[in-house]
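S.K.: After the sequence you'll find the predicted model.
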Amino acid sequence: MIFDLFRISHIIAGFLALLVFWIPIVVRKGGKIHRKVGWVYTYSMAIVAVSAFYMGFYRIFYDPLGDKAFSWFLVYIAILSAATAWYGIRVLKFKKRKYAHRQIGDLAFSFSLVLSSVFISVYGIYIGSPLLSYFPGVGLFVGGSQLYYWLRKPKINGHWYIEHLIGMLACSISTITAFIVFGAPRLMNIESVSIFLWFAPTIVITPVIIGFSVYYGRKFKQKIK
């Protein structure tokens, strides 16, 4: 069955991404290991996003007994993963840009993240789901920040370096959160974990993102003339 194929691919790619995501963070930035493992993580997340998107919509429209809230969160995680990973790669391609960025595909990813964040949050409030109500705030902030970066002229040298780190670290939030929400309860044979654990990846990784941004912002503090 096609659904089973997507599910198996999702599980394998998700565990691979979970195993390797930290390596590019700790090794020398731009080095051989960083690049190779980074691409392993990126391709893994691409598979995770595509498979999650398919499974989420399949359960919404073709599984009348399925958990709709679970399915919509699966779709949202797919969008968050895709948008952040895409952004992390695309900022490298346009690292020499001098003006505002107008590529429709890049803006569409970021705008889709913003729009889906609003939709899922409203839906979460409507059904009384704390996870769906508040977690999309992460995507709303991330998507808005991406649009802010794309639509403005770069102001400092190395802007792409900082944004690449932000994009991939934001992607890792979706990786770990998805595991905590979906994977861990099934492995431990429990119904769910604490809502505080759902937000733990965001709470832990956000300061890391801020720290990297401040550090490299000072390192590349020379303004573009």
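M.R.: Yes, it's here.

S.K.: Any stretches of the chain with poor pLDDT?
M.R.: 183-194, 221-225 (pLDDT under 70).

S.K.: what about the helices in the protein?
M.R.: 2-20, 23-26, 32-62, 68-93, 104-127, 130-134, 136-150, 159-178, 184-187, 195-198, 200-219 (DSSP state H).

S.K.: Tabulate those in JSON lines, adding columns for mean neighbour count.
M.R.: All C-beta atoms are positioned from the backbone trio N, CA, C, and that covers glycine. Below are the helices of the chain laid out as JSON lines (neighbours: other CB atoms under 10 Å):
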{"stretch": "helix 2-20", "mean neighbour count": "16"}
{"stretch": "helix 23-26", "mean neighbour count": "16"}
{"stretch": "helix 32-62", "mean neighbour count": "18"}
{"stretch": "helix 68-93", "mean neighbour count": "22"}
{"stretch": "helix 104-127", "mean neighbour count": "17"}
{"stretch": "helix 130-134", "mean neighbour count": "17"}
{"stretch": "helix 136-150", "mean neighbour count": "20"}
{"stretch": "helix 159-178", "mean neighbour count": "23"}
{"stretch": "helix 184-187", "mean neighbour count": "12"}
{"stretch": "helix 195-198", "mean neighbour count": "13"}
{"stretch": "helix 200-219", "mean neighbour count": "14"}
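
S.K.: Please list all residues in contact with Y134.
M.R.: By CB atoms under 8 Å, 6 or more residues apart in numbering, Y134 lies in contact with 121, 124, 199.

S.K.: how close does the last one get to R59?
M.R.: The reference is to F199. Look at F199 and R59: by CB to CB, to the nearest Å, they are 24 Å apart.

S.K.: Likewise for the first one?
M.R.: Relative to R59, S121 is positioned 20 Å away (CB to CB).

S.K.: again with L92
M.R.: Using CB to CB, L92 is found at 35 Å from R59.

S.K.: wait, what's in contact with V138?
M.R.: V138 touches 80, 117, 170, 173, 202, counting by CB under 8 Å, 6+ apart.

S.K.: For G88, state which of those is nearest.
M.R.: Using CB to CB, A170 comes nearest to G88 of these, at 7.9 Å.

S.K.: show me the contacts for the closest one.
M.R.: Residues in contact with A170 (CB under 8 Å, 6+ apart) are 84, 87-88, 138, 142, 205, 209.

S.K.: Same question for T42.
M.R.: Here T42 is in contact with 85, 88-89 (CB under 8 Å, 6+ apart).

S.K.: 6 Å - rerun?
M.R.: Contacts for T42 (CB atoms under 6 Å, 6 or more residues apart in numbering) come out as A85.

S.K.: next one: L169
M.R.: Contacts of L169 (CB under 6 Å, 6+ apart): 205, 209.

S.K.: where's it relative to G88, distance?
M.R.: 8 Å.
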